[in-house]
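> Structure for this input, please:
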Amino acid sequence: MPIRGGSIIAVSANSSEVGYPELTAIASAKGGVDQMCRNLAVEWGPYAIRVNSINPGYTEHVPPTGEVAPGMAVDHDEDVRTMTPLGRRGRVDEIVWPVVFLASEASSYITGVNLRIDGGYAVK
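The predicted structure follows:
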């Protein structure tokens, strides 16, 4: 089979690396996504296929049903600002550009990485 190459980027979540109450099922699933990407990076590397995942943080776009954060205050914005070193929610374009980078030749030597795009939220 000829080597074709490519880039796969899976969407994970910070719950794969940070503990949250009442989110055990989603945290386990997203942890599985991260590990799947690492394993596929090893398996598919010889075919020049790079496999990475991203952990997007809280963005300015809040779903109509509200945040998925059991036990958090109704006004979750203050909690997000307090827990995020950059002190704010991210913009959608701040998620898009790192994904474009991972898909491009600019990241041609990056595989098996889980990139947090969260303003530092997961480091606290």
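> Touching, residue 89 and residue 80? I think so.
Yes: counting by Cβ atoms under 8 Å, residue 80 is a contact partner of residue 89 at 5.8 Å. No exception for glycine: its C-beta is placed from N, CA and C like everyone else's.
> Could you name every residue contacting both of those two?
Common contact partners of residue 89 and residue 80 (Cβ atoms under 8 Å, 6 or more residues apart in numbering): residue 58.
> For residue 26, see how far away the closest residue to residue 107 other than its chain neighbours is.
Nearest residue to residue 107, sequence neighbours excluded (Cβ to Cβ, 6 or more residues apart in numbering): residue 101, at 5.5 Å. Counting by Cβ to Cβ, to the nearest Å, the gap from residue 101 to residue 26 is 26 Å.
> got the buried residues for stretch 34-51?
34, 37-38, 40-41, 44, 49-51 (16 or more other Cβ atoms under 10 Å).
> What are the contacting residues of that stretch?
Outside of stretch 34-51, the residues within contact range by Cβ under 8 Å, 6+ apart are 1, 3-8, 10, 12, 16-17, 52-53, 102, 107-108, 110-112, 114.
> one more time with 6 Å, if that's ok
Stretch 34-51 is touched from outside by 3, 5-8, 10, 12, 16, 53, 111-112, 114, with contacts defined as Cβ atoms under 6 Å, 6 or more residues apart in numbering.
> Tell me which of the residues you listed has the lowest pLDDT.
Within the contacts of stretch 34-51, residue 3 has the lowest pLDDT, namely 67.
> Quick check, central residue of the chain?
residue 55 (1.1 Å; Cα atoms, centre = their mean).
> Now do the SS call for it.
strand (DSSP: H, G, I helix; E, B strand; the rest coil).
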